[in-house]
Structure formats: structure tokens, C-alpha cells
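Novice: sequence? don't have it. structure:
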């Protein structure tokens, strides 16, 4: 199956600082990546859709100036949590869409392993 | 507005039993219905997916049943094993690869 990586896998930062999370598709090109947030024992909530070469599309209620998304290449999208606060502590998960079906299933989404963010 | 409702929230099954998780959706524009398995601290992994043109799809011990008229679909795990203990999410989208709407999740525990 397709492999999507995230870095870092976990991070602890102080309130007010910024944190960058990387999402990479390792064996396929992804023109579209999605960013989700998951609180403990809850479902995944879509934050934004990241498209290579264009601005991200944010879901209602997600602050675009706080959660900066950059999809710089066909294999990399980054999420930067700016001026992080304790309420931003969560599990952030990305997924990448296999547009060409290299994995055998065209357009299928594959999820990364997630990044645990703790803001102190 | 929760567009995909999943039940039960938690499920305990004996080893060798059948685990059944149900989902119902509201948006008739949805045409792609995947199921994901998630272990603690990990990202979701695709288990099996179905489109509305078939009523059932089976892959190994996992089967999806789909009822288009009722707007419901379910996951059946046959011969459940302790290693199946995880959280399962149903999801729906308008086309594969598009924005997914997730159900609330079901925490499955398979007792040895």
C-alpha cells in the first residue's frame, strides 16, 4: 500500500510558539492532501484541503491565519500551528490522495501516522 | 450537523464471534463509503470500501453490506480476533479521494 509519513510524530511546545508539521507521500504524487484534527476518543474532523500550487481551502470554523498550510510540492504539505495555545493540543493527521492510482486504487486517500501536539 | 452516524460507540465481542458496526448517512450525493481501522496513537488505515452500485463487498474476514434505499451501510468482521481490537470509523464522500465525512467511531474490544 501507499506510504504517507508525518514529521514529527510528537512534539511538545510552549504556549505562544509555532510548530510545523510535515506530511509526505513517499511513493506517489499527491496533488491534494487533507489535514484532520482528532481529539481523544473522538472522530477525525477535517481542517483543510491542501492543493499543490494553490491556496488551501479551510473548513468552517478553522482559522486560516492560525493554521498555515503550504503544499509546496507534489509530495509535501506542511501545517504550521502559529502562536499555539493549550487548546490546540491534539492529534493532527494528514492524508494524501493518490491521483494516478499508482497504488492500484485511483484517487484513494492514504493517511499518515499522525502527529501528537502538546502545548504547555 | 453530523452527516454520518455510527453505532454502537463501543462493542465487546468474544474471540471467534462476529463484530457488526452500522452507519447511516444523510447526504444522497455520497457515493463512496470506506471503513478505516485505527489503533491508539496511529493514523487510520483503509480496511475496505464500497460504492452504491453493489450491495455487498467482501475482503477476507471483512464484509461491507450496503443498503442504498435505507442510506445505511455496515461492517461485519467475521471470526473476530483480539488483534482486531481497535477503533473503527466509517466514512463517506462524493467520489473516492474527495473530502471524507467520518462517523463517530466504534471502539471494538475482542476478548480472548
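Specialist: Looks like it arrived, so ask away. Please read these numbers as outputs of a predicted model, since none were measured by experiment.

Novice: Could you count how many residues lie near the residue of chain B found nearest chain A?
Specialist: Nearest residue of chain B to chain A: residue B:97, at 3.0 Å (C-beta to the nearest C-beta). For the C-beta atoms, the positions are set from N, CA and C on the backbone; glycine is no exception. Burial of residue B:97 is recorded as 21 neighbouring residues (other C-beta atoms under 10 Å in any protein chain shown).

Novice: Which pLDDT value goes with it?
Specialist: The model reports residue B:97 with a pLDDT of 77.

Novice: so where's chain A uncertain?
Specialist: A:1, A:100-107 (pLDDT under 70).

Novice: Strands of that one, start to end?
Specialist: A:4-7, A:10-13, A:19-25, A:32-38, A:44-51, A:57-58, A:67-73, A:76-81, A:90-97, A:109-111, A:115-119 (DSSP state E).

Novice: same thing with chain B?
Specialist: B:4-7, B:10-14, B:19-25, B:33-38, B:45-50, B:56-59, B:62-67, B:72-77, B:86-92, B:101-102, B:106-111.

Novice: Among those strands, which comes closest to residue A:56?
Specialist: strand B:101-102 (18.5 Å; C-beta to C-beta).

Novice: mind listing what's buried in stretch B:32-51?
Specialist: B:32-38, B:42-44, B:46-50 (16 or more other C-beta atoms under 10 Å in any protein chain shown).

Novice: quick one: which of these is nearest residue B:65?
Specialist: For those, the closest approach to residue B:65 (C-beta to C-beta) belongs to residue B:50, at 8.6 Å.

Novice: Quickly list what the closest one is bridged to.
Specialist: residue B:33 (DSSP bridges).

Novice: And for residue B:76?
Specialist: Under the criterion used (DSSP bridges), residue B:76 bridges to residue B:20, residue B:63.

Novice: Count the neighbours of residue 112 for me.
Specialist: No chain in the question, so chain A it is. Count around residue A:112 with other C-beta under 10 Å applied: 29.

Novice: could you do chain B instead?
Specialist: 8.
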